[in-house]
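> Predicted model and sequence below, questions to follow.
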Amino acid sequence: MTEVIEQPAVEQRTGERILGALLYALFGLIVGTVTTFLHRGRVELFDTTLWVGIVLGLACILCLGIGLRLYLVDRWMTTGFAAGVVVAVGVLGLWNPGSSVVVVGDAFGLAWLALASLIAAACAFWPQLPSRRARTTPVRDEYDGRSPTNLEESPK
């Protein structure tokens, strides 16, 4: 006897989807803002400068994007998160009249602008992964370990 595990289909309304996407866009704005301000972080180790801010910032966006994409069935929320990150990184990358620049126009700044936006968009628009197949292994009795289809099997 095989046991098939099915999850009940949950129908979401359009209003719930839009509200969820807006909330995840706000979350993406927060993540994009924090990581943009911290992307220039570096650590001096002996005589070497390690630019850990850009690596940790990109890893943070990547892990959150993949986690949201794998956890949430609907693509709206992940797209909202990605849009929030792209907007935050893009707005903070602009030059403003007060001469305050958050993203400097050097190699690290340009890499941050490009990679943060590409990673967020890639996580949002990654194709739908196939769901797990139904389990086809026979269920064993917890007491003696025998399969219900083959009762003459002796326990070990």
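In hand now; what should we look at?

> quick one: pLDDT of the residue nearest the centre of the chain?
Nearest residue to the geometric centre of the chain (Cα atoms, centre = their mean): residue 65, 1.8 Å. If you check residue 65, the pLDDT there is 92.

> Roughly how far does it sit from residue 101?
According to Cβ to Cβ, to the nearest Å, residue 65 stands 26 Å off from residue 101. Using the backbone N, CA and C atoms, a C-beta is placed for each residue, glycine as well.

> Could you do residue 84 as well?
21 Å.

> one step back: which elements pack onto the helix or strand containing the residue nearest to the centre of the chain?
If you go by DSSP states H and E, residue 65 is part of helix 52-71. In this structure, helix 52-71 makes packing contacts with helix 14-38, helix 75-92, helix 107-124, judged by 3 or more Cβ pairs under 8 Å, 6 or more residues apart in numbering; DSSP states H and E.

> contacts for the helix or strand following the longest one?
Heading C-terminal from helix 14-38, the first helix or strand you meet, by DSSP H and E, is strand 43-45. By Cβ atoms under 8 Å, 6 or more residues apart in numbering, the list of residues contacting strand 43-45 from outside reads 49, 50, 52.
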